[in-house]
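Trainee: show me the folded form of this:
(2 chains)
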Amino acid sequence: MKHRYLPTTDQDRKEMLETIGVDSVQALFEDIPESIRFKGDLKVEKQLFEPELIRYMSKLASKNANTLENASFLGAGVYDHAIPSVVDHVIRRSEFYTAYTPYQPEISQGELQAIFEFQTMISELTGMDVANSSMYDGPTALAEAGLLSAGQTKKKKIVVSKTVHPEARAVIETYAKGQRLTVVEVDSSNGVTDLEKLKHEVDEHTACVMVQYPNFFGQLEPLPEIEKLVHEQKAMFVVSSNPLALGRLTPPGEMGADIVVGDCQPFGIPAQFGGPHCGYFAVTKKLMRKVPGRLIGQTTDDNGQRGFVLTLQAREQHIRRDKATSNICSNQALNALASSVAMSALGKKGVRKMAEQNIKKAHYAKARLEEAGVETVFNGVYFNEFVIKVNGPIKELNRKLLTKGIIGGYDLGRDYPELNNHMLVAVTENRTKAEIDLFVEEVGGAK
Amino acid sequence: MSKDQALIFELSEPERISYSLPELDVPDIDLDEWLPEEFNRKTEPELPEVSELQLMRHYTALSKRNHGVDSGFYPLGSCTMKYNPKINEDVARYPGFAFVHPLQEEETVQGALEMMYNLQENLVAVTGMDEVTLQPAAGAHGEWTGLMMIRAYHEANGDFNRTKVIVPDSAHGTNPASATVAGFEAVTVKSNEKGLVDLEDLKRVVNHDTAALMLTNPNTLGLFEEQITEMATIIHDAGGKLYYDGANMNAIMGAARPGDMGFDVVHLNLHKTFTGPHGGGGPGSGPVGVKSDLIPYLPKPVLVKENDNYRFDYDRPQSIGRVKPYYGNFGINVRAYTYIRTMGPEGLKQVSENAVLNANYMMRRLQDAFVLPYEQHCKHEFVISGKKQKKLGVRTLDMAKRLLDFGYHPPTIYFPINVEECMMIEPTETESKETLDEFCDVLLQIAKEAEDNPEIVQEAPHTTVIGRLDETTAARKPILRYQKA
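Mentor: Numbering: from 1, shown residues only, chains lettered A, B, ... in the order given. So this is what the prediction gives:
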């Protein structure tokens, strides 16, 4: 069989078999016992030639409503932001995407330097000393922060606010089960963590407290008050943050966080139905040697020339095996590169401006909805999301909105029974005034 | 090529931008006034300020300092560095795949769900398992997911004392690390003189506290565990489960299936066997397949098909829960599915046959110049030892660095840990005989240099943009970020 990915010719095969000293390729598989040799045909779908394949895959793709053709007001952890064209041009360079983990620094300086730059940008945004080279996504990074805290404090209780993303809390639950840690969830009050209830839960057995900033409802948690409460009990303060928001909001690193994690999806990474995105993990200097995953460090060669290497590898699974700080091996390097390119393209001023436009457009949308008589709940300060209450199921409203070319917000009743008929509305810089006005008109008319 | 490469921060000048945000089209508000004092950021993050061309030149320069599969041969053992098809990259960027939100109403994402469902079915067929989840993000994540399911299974049977997971001494580091994260203790089983699991030692370590045996087959030495059915019996008789690390699936597609060998749980690395690109370290995708008795424990939600509609089932009371937000690394899964459809069933079988042919050919060409620790045919990869060269003062590390001078990415070195001075070579099926011959010729030449002119090997590399780096200082006095002088 000839295939464009398989260059071996019949003549090659003949010569190679001669060198090996066998008559057929089958002879190379004779160590597979007869009883378990697979003899039938694999029940895999049939081969499609490229034109047919393109038509088929295009057809599948076109069955999905996309956020290029529809105006999306859906966020809840994944956002529709401007992606500078340069991002894809850089990550499509095959020297980047067809390489693997930079084990051989002499021929991987490009990747190593790009990730060193990424680590720097994340440190800058979060206000932390050290950031790693990436994690799978924000929620698994948050779960790993829980494991780090438990290891560091030798305590077994993780306290999580219910204003943390519900799917992140579900992931934390699974990781905690693995390590036999206890997870306690704390209720919210007016859209932010209930400080009285939090105080009640944080005690001498607490490894860490996890909050999200801006939180799942878009609201800003009172980090200074929470920090005091957490550190009084010698627990670790873990904050999950949208890095774009930190372009304008005081970073958790300046408010006493020990670990800051989150997802870089807002910077240059399309939603792609939930993944791959790109988790980040940032810590204080004190925790540098406890970080999960890869770290890139600067050093020099024999001639004193600057270069970059994978460093502090004694933490990692390929050296420490069962004693490693985490089992993570592959990370999200290509997406970390995408985020670096997006942050560089926007630049220092652009990131700030983009963050500001998110607040301003969300502010405009919220004010217009209120004017139109739509009930908004929670009255704290927010970033680019807020909550509205409508009369009737969100699912039905979203179905109606889609006919107008709008992807509606998130149905909070899915995770919070008390918030039935409540919609989490996201307004990014990508939403135009006209789109917001149409949304207000449609939602206002349906209230 | 210039030897020095500025950091992007060092190119930065105030006011430069490489993206123009549209002007605000809604009424402005004064954020200094609107934001409460404690949330109003005062220290500006030092992000770079460069023009679009400066940005492109910077990253283009970096890319030139990087070796990928498209740049040249990359026989990195256990990583399956095969060609990454370009059509996959195109398809993954279709707006209906790339620009779809994971929390959209299910009726608006039926095409995405159909793709996932089909991919799951194809992976069921290749592995011989009963059901597959696409949720895990990478191989190690899949290992942990599989082990968590095994734990849930034992606990559901009231079996709380199965605390040990057995791994061979040749196992990848993620195996014992995943066992720990899943709450188990890793126990090592020795390899025998043939490089296979020592059955006597296995019988010795197996007992009533065994939760599972984790195995790669072919193993990390590239050798097929011929006694796999006996091992399965030993583990199952003791009440344990058999876990298959699919890192080496590229060797046996269409030739043997883990499900038929007696494995209960399987993870696959779609970025290896199924061409999702490696991305400089990720993202990957690590689906997990299980036999029917483990289906109740699959991560939730589980994708189900009803008539011609697809939906997520969240009502899974025995599920281990979520291991990842949303539904896995969908973008990588699109690429893997595109690849499977490009190859078809016969194509996939041919892939493994050619991968195994290539590895055996190289092994026989190199066996006299180096030490071949295991004589039998290999599968998709093999291990040779540089013991002979070490006696001449040339380490395997030196030979790896010397390969850089010839434009090759070196093989995996010093892994697996049970073979001294080893080099683990995996050519993959996408390489031509000419490439294999040229690489073997160079490696044979390096072996000769080790005898005649060891310095040239010991001091390698000579042609790269940078020499050997001081890793000790990097670890002792870590500099992990740029700071303005």
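Trainee: quick one, phi/psi of the residue in the stretch 251-400 of chain A that chain B sits nearest to?
Mentor: At 2.7 Å from chain B, A:G274 is the closest residue in the stretch 251-400 of chain A, using Cβ to the nearest Cβ. All C-beta spots, glycine's among them, are computed from the backbone N, C-alpha and C. Note on A:G274: backbone dihedrals following degrees, to the nearest 10 are phi 110, psi 0.
Trainee: identify the residue spatially nearest to it, adjacent ones excluded.
Mentor: Nearest residue to A:G274, sequence neighbours excluded (Cβ to Cβ, 6 or more residues apart in numbering or on different chains): B:Y326, at 2.7 Å.
Trainee: so that neighbour sits in a helix?
Mentor: No. Counting by DSSP: H, G, I helix; E, B strand; the rest coil, B:Y326 falls outside a helix, being coil.
Trainee: hang on, it packs against A:G275?
Mentor: Yes. In terms of Cβ atoms under 8 Å, B:Y326 counts as a neighbour of A:G275; the distance is 6.0 Å.
Trainee: and the end-to-end length of stretch A:222-239?
Mentor: 12 Å (Cα to Cα, to the nearest Å).
Trainee: shared neighbours of B:Y326 and A:G275, anything?
Mentor: Applying Cβ atoms under 8 Å, 6 or more residues apart in numbering or on different chains, one finds that B:Y326 and A:G275 are jointly contacted by B:P102.
Trainee: neighbour-wise, which of those two wins?
Mentor: Set side by side, B:Y326 and A:G275 show more neighbours around A:G275, with 30 against 23, by other Cβ atoms under 10 Å in any protein chain shown.
Trainee: so what pLDDT did the nearest residue to the more buried one once chain neighbours are set aside get?
Mentor: Excluding its sequence neighbours, the residue lying closest to A:G275 (Cβ to Cβ, 6+ apart) is B:N329, at 4.3 Å. Looking at B:N329, its pLDDT reads 98.
Trainee: in contact with B:N329, which residues?
Mentor: Contacts for B:N329 (Cβ under 8 Å, 6+ apart) come out as A:275-276, B:137-138, B:276, B:283-285.
Trainee: same thing with A:Q212?
Mentor: A:161, A:163-165, A:168, A:221, A:239-241.
Trainee: tell me where the stretch 301-450 of chain B has strands.
Mentor: Applying DSSP state E, counting those that start in this stretch to the stretch 301-450 of chain B gives strands spanning B:302-306, B:309-313, B:382-385, B:412-413, B:422-425.
Trainee: what mean pLDDT does the fourth one get?
Mentor: The predicted model assigns strand B:412-413 a mean pLDDT of 96.
Trainee: which one, of the strands of the stretch 301-450 of chain B, ends up nearest to B:Q5?
Mentor: B:Q5 sits nearest to strand B:412-413 of all the strands of the stretch 301-450 of chain B, at 26.1 Å, using Cβ to Cβ.
Trainee: got the contact list for that closest one?
Mentor: A:103, B:76-79, B:396-397, B:400, B:422-424, B:426.
Trainee: what do you get for stretch A:141-149?
Mentor: Stretch A:141-149 is contacted from outside by A:135, A:155, A:158, A:164, A:168, A:171-172, A:174-176, A:179, A:181, A:183, A:207-208, A:210, A:235-236, A:238, A:240, A:258-259, A:261-263, A:279-281, A:283, A:287, A:290-292, A:325-326, A:328, B:181, using Cβ under 8 Å, 6+ apart.
Trainee: which ones among those map onto helices?
Mentor: A:168, A:171-172, A:174-176, B:181 (DSSP state H).
Trainee: ok, back up a step: among the contacts of stretch A:141-149, which are located in strands?
Mentor: Members of the contacts of stretch A:141-149 lying in strands (criterion: DSSP state E): A:158, A:183, A:207-208, A:210, A:236, A:238, A:240, A:259, A:261-263, A:279-281, A:283.
Trainee: give me the domain ranges for chain B.
Mentor: B:8-64, B:88-342, B:349-471 (automatic domain parsing).
Trainee: so which of these gets nearest A:G268?
Mentor: Ranking these by proximity to A:G268 (Cβ to Cβ) places domain B:8-64 first, at 10.1 Å.
Trainee: report the mean per-residue pLDDT for that closest one.
Mentor: Averaged across domain B:8-64, pLDDT comes to 97.
Trainee: any low-confidence regions in the chain?
Mentor: With no chain named, the answer covers chain A. Along chain A, the model assigns pLDDT under 70 to residues A:1, A:446-447.
Trainee: my question was about chain B
Mentor: Applying pLDDT under 70 to chain B flags residues B:1-3.
Trainee: ok, 80 please
Mentor: The model of chain B has pLDDT under 80 over residues B:1-4, B:485.
Trainee: residues touching the closest residue to A:I406 other than its chain neighbours, list them.
Mentor: Nearest non-adjacent residue to A:I406, counting by Cβ to Cβ, 6+ apart: A:A71, 5.2 Å away. Listed by Cβ under 8 Å, 6+ apart, the contact partners of A:A71 are A:405-407, A:431-432, A:435, A:438-439.
Trainee: okay then, goodbye and thanks.
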